[in-house]
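>>> Starting from these lines, generate the structure:
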Amino acid sequence: MSDYMESLGKSAKVAAREAGKLGIEDKNRGLLTIADELVSQTQFILEENQKDIQAAEERGISTALIDRLRLTEDRISAIAHGLREIAKLDDPVGGVEEMKVRPNGLRVGKMRVPLGVIGIIYESRPNVTADAFGLCFKAGNAVILRGGSDAIHSNLAITGAIKEGLKKENLPEDVIQLVEDTSRETAAEMMGLHQYIDVLIPRGGAGLIASVVENSTIPVIETGTGNCHVYVDEFADVEMALSIIENAKTQRLGVCNTCESLVIHKKILMDILPPVVKMLIKHNIEIRGDEEAVALESQILEACEEDWGMEYLDRIISIKIVDSIEEAIDHINTYNSGHTEAIITNDYHNGMKFQREVDAAAVFINASTRFTDGFEFGFGAEIGISTQKLHARGPMGLEALTTTKFIIFGDGQIR
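A predicted model of the protein is given here:
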């Protein structure tokens, strides 16, 4: 292990102990000052972000992925707003969740405590740098961030503003550590820092997440890839379905809660397919469908098996025609990534059946998949959307960045 990575780990471990002692007023004061600092440094951050954008364009990166990378005044303002919203949230640290009295008089309870040092390996999206810091810090943790080389200038600028805000409030600056060496070697070394990092969270594409899960010696929380489906039930309102599909697919292409797959019940097919195709073509979305869809609409290309499980993050969508809600649920559970699924229906029983039987972190009835988001769920910014089932699932807010310890009160009991 390099001296560089070990020094980051040691510094973060020390800082985590300091962060765990901070009260809610100290943490909130720091978050508010950092938010102001980010806004005051907007021009510099944009200049640094432009270096990353220019490099991405020169490499021929897709427009959807460049959108993930791009910062604007509004996006920086939104990042700052997110930190201010985190400051308004209740602090989970120190909360006692339950207290039971045993027959021998011992009082046994559970208290929320920080996880310690959280490592995050992520791609593009420089807003993650601030969002992740804000949540980790509010939950009393230190964080080691390893972003991609494509966003290094943006991440350095944002980290610098965060450290400046911490310095102004006399708070430990080492609660945020940015891995400035973005080589693959440092990523591999970070996955082996088990003596310093308590949990590792990958945020990015399927390849990154798989690599971290397979190679990390640190416990991993998988976040994720989003092959999100919208199922148009036979009892759907067509106008509602069109509106939701348009929003879910076209509002932002390069994010994990975008709809990548449509599933349509055969009984509503002739009502919904023509206007859906017309709307998607208007947005320059390539449509890939099964044999039945291709036969009905000449603008639909034939899908292959790979399409059903694909997170495109691009102007592409798949369409599958089904004969029943049971077939729809089976198709979704076979190919989804455990992220977000939605049904459009006016039938109560079908809606309840879909929510009960679809295996995903978030399941919507008559709403866009784009709402799977920590801010939209009232958590402030999110650390990621967990697609696993242990510890945390779905958008991860403050509580997901804590653990519990047992606290026991006695008056002289012995066993």
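>>> Can you show me the CA trace of the helix or strand hosting residue 17 as CSV?
Secondary structure from DSSP states H and E places residue 17 in helix 3-21. Output of helix 3-21 as CSV, limited to C-alpha atoms (Å, rounded to 0.1, in the frame of the first residue of the first chain):
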residue,chain,number,x,y,z
ASP,A,3,2.3,6.0,1.8
TYR,A,4,-0.2,8.4,0.1
MET,A,5,-3.3,6.2,0.5
GLU,A,6,-2.3,5.1,4.0
SER,A,7,-1.8,8.8,5.1
LEU,A,8,-5.3,9.6,3.8
GLY,A,9,-6.7,6.7,5.8
LYS,A,10,-4.9,7.6,9.0
SER,A,11,-6.0,11.2,8.7
ALA,A,12,-9.6,10.3,8.1
LYS,A,13,-9.6,7.9,11.1
VAL,A,14,-8.5,10.6,13.4
ALA,A,15,-10.9,13.1,11.9
ALA,A,16,-13.8,10.6,12.3
ARG,A,17,-13.2,10.5,16.1
GLU,A,18,-13.4,14.3,16.1
ALA,A,19,-16.5,14.4,13.9
GLY,A,20,-18.3,11.9,16.2
LYS,A,21,-17.9,14.3,19.1
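>>> Show me which positions of it end up buried.
Within helix 3-21, the residues that qualify as buried by neighbour count (16 or more other CB atoms under 10 Å) are 5, 8, 9, 11, 12, 13, 14, 15, 16, 19, 20. (Glycine included, C-beta is placed from N, CA and C.)
>>> And stretch 138-149, by the same measure?
Taking 16+ other CB under 10 Å as the criterion, stretch 138-149 shows 138, 139, 140, 141, 142, 143, 144, 145, 146, 147, 148 as buried.
>>> so the first one sits right up against residue 85, yeah?
No - applying CB atoms under 8 Å, one finds residue 138 not in contact with residue 85, separated by 10.4 Å.
>>> would you list every one of the strands in the stretch 201-350 of the chain?
In chain order, the stretch 201-350 of the chain shows strands spanning 228-232, 259-265, 286-289, 301-302, 316-322, 340-344, with DSSP state E, counting those that start in this stretch as the criterion.
>>> which residues make contact with the fourth one from outside it?
Going back to what we said before, that points to strand 301-302. The list of residues contacting strand 301-302 from outside it, by CB atoms under 8 Å, 6 or more residues apart in numbering, reads 286, 287, 288, 289, 291, 294.
>>> now stretch 175-182
4-5, 8, 11-12, 15-16, 18-19, 129, 133, 136-137, 141-149, 152, 155-156, 159, 162-163, 166, 186, 190.
>>> how does it look with 7 Å?
4, 8, 11-12, 15, 19, 133, 137, 142-146, 148-149, 152, 155-156, 159, 162-163, 166, 186, 190 (CB atoms under 7 Å, 6 or more residues apart in numbering).
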